[in-house]
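J.: Provided below are the primary sequence and the corresponding predicted coordinates.
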Amino acid sequence: MTRILLIYTGGTIGMKEDPVIGGLRPFDFDGIKEEVPELKKFNIQIDACTFDPLIDSSDVEPHLWRQLAEMIRDSYASYDGFVILHGTDTMAYSASALSFMFENLSKPVIFTGSQLPIGRPRTDGKENLISAIEIAAATDEAGRAMVPEVCICFNSRLYRGNRSTKVNATGFEAFRSPNYPPLATAGINIDYNLPFILRPEPSNELSINTSLDTRVSILKVHPGITEQVVRDILLGDGSRAVIIETYGSGNAISKDWFIEILKEADRRGKVLLNVTQCLSGNVNMDLYATGMTLKKAGVISGYDITTESALGKLFHLLGCEGDNSVVKKALTNNLRGEISK
Ligand code: ASP
């Protein structure tokens, strides 16, 4: 029988109406098949574990990612797939970070959650949970996992975790991966988009890397940004790297003061990564003069990476490597399918 480990970290999905207290209380995932009887139709053994305390995902910290990575590594041999129930607010950050922490993942790690609690009428939680479990358990004819990746399953779509972003605060279509096609679509059947799914080398064993260096800041350029604000973010002592969220295909302010601060940050050895503010498309610093100036000042292209993924990639690379010049080179590599390169 296929075995799935369900890990409930917190978030809206796990809430249920309590008629006695007249409010919401956490759902008991140990009795999941009684609460969601639809799951009985699958020949899947589901073991559940619940975080204590439960975490609203706005409070997620890298130690939760370490805890998840270690839990999955420690129970890796006993399960065919993993489903992580997580609040939607930072799900794309967590899925991105975990994708970099796992090396040679050969089993599915599927994040899901919901916009309405599972115990509410019209909930999207049941649908999301059932699809996530079915996908985590799915194998091909050779018995290999259909999707050996860290993914987000939401509203009948399966997305690569490190390509995903939350796009809707209230609607059921809360996630999208604007620069990469969905890995699967759930309709009458689940259709897998096989050419787009990563496959690890069969002989390599799973390893996890839990050292993360979070000394990263984000500078979002905008009209009217002041020299002092840019100086504080780019030259502040607290960061080894800065993600610069630029306009369009990677353009920013061409004023001398801005370029001088960038050059100074580069001289200080900071890693400067260019990520577009646009939802889709990619950074190309060879297209416009303003982009070229950034490149000359030492800014590295993030290609079509999301900010969530850029953060996870930087935490991971900085955690593994003390030398920023090595991190700068590694950043341009496609490590886990996070960039189209
Ligand atoms: N604030 C909640 C969380 O992210 C919202 C949700 O679960 O969707 O944990």
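T.: On my side now, so go ahead.

J.: quick check: residues of this structure near the ligand?
T.: 10-12, 56-58, 87-89, 113 (CB under 6 Å from any ligand atom). No exception for glycine: its C-beta is placed from N, CA and C like everyone else's.

J.: quick check: pLDDT value at the closest residue to the ligand within the chain.
T.: Nearest residue of the chain to the ligand (CB to the nearest ligand atom) works out as Gly87 at 1.8 Å. With respect to pLDDT, Gly87 has a value of 97.

J.: distance of it relative to Ser78?
T.: Gly87 is 26 Å from Ser78, where distance means CB to CB, to the nearest Å.

J.: settle it for me: which of these two has more neighbours?
T.: Gly87 (22 against 9; other CB atoms under 10 Å).

J.: in what helix or strand does Leu158 lie?
T.: Element membership for Leu158 (DSSP states H and E) is strand 157-160.

J.: whichever helix or strand comes after that strand - contacts with which helices or strands?
T.: Following strand 157-160 in sequence order, the next helix or strand is strand 165-166 (DSSP H and E). For strand 165-166, the packing partners by 3 or more CB pairs under 8 Å, 6 or more residues apart in numbering; DSSP states H and E come out as helix 91-101, strand 175-176.

J.: could you export those as TSV, including mean neighbour count?
T.: Output for the helices and strands packed on strand 165-166, formatted as TSV (neighbours: other CB atoms under 10 Å):
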stretch	mean neighbour count
helix 91-101	28
strand 175-176	24
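
J.: closest one to Lys328 among those?
T.: helix 91-101 (16.4 Å; CB to CB).

J.: what helices or strands is the closest one leaning on?
T.: Taking 3+ CB pairs under 8 Å, 6+ apart as the contact cut, helix 91-101 packs with helix 62-74, strand 109-112, strand 150-154, strand 165-166, helix 307-320.

J.: rerun at 6 Å
T.: The elements that helix 91-101 packs onto, with contact taken as 3 or more CB pairs under 6 Å, 6 or more residues apart in numbering; DSSP states H and E, are helix 62-74, strand 150-154, helix 307-320.

J.: deepest of the ones you listed, which one?
T.: strand 150-154 (a mean of 30; mean count of other CB atoms under 10 Å).

J.: please save the CA atoms from that strand in CSV.
T.: Provided in CSV are the C-alpha atoms of strand 150-154 (Å, rounded to 0.1, in the frame of the first residue of the first chain):
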residue,chain,number,x,y,z
VAL,A,150,8.8,20.3,-4.3
CYS,A,151,5.4,21.6,-5.6
ILE,A,152,2.4,23.6,-4.7
CYS,A,153,-1.0,22.0,-5.4
PHE,A,154,-3.8,24.6,-5.5
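
J.: perfect, that will be all.
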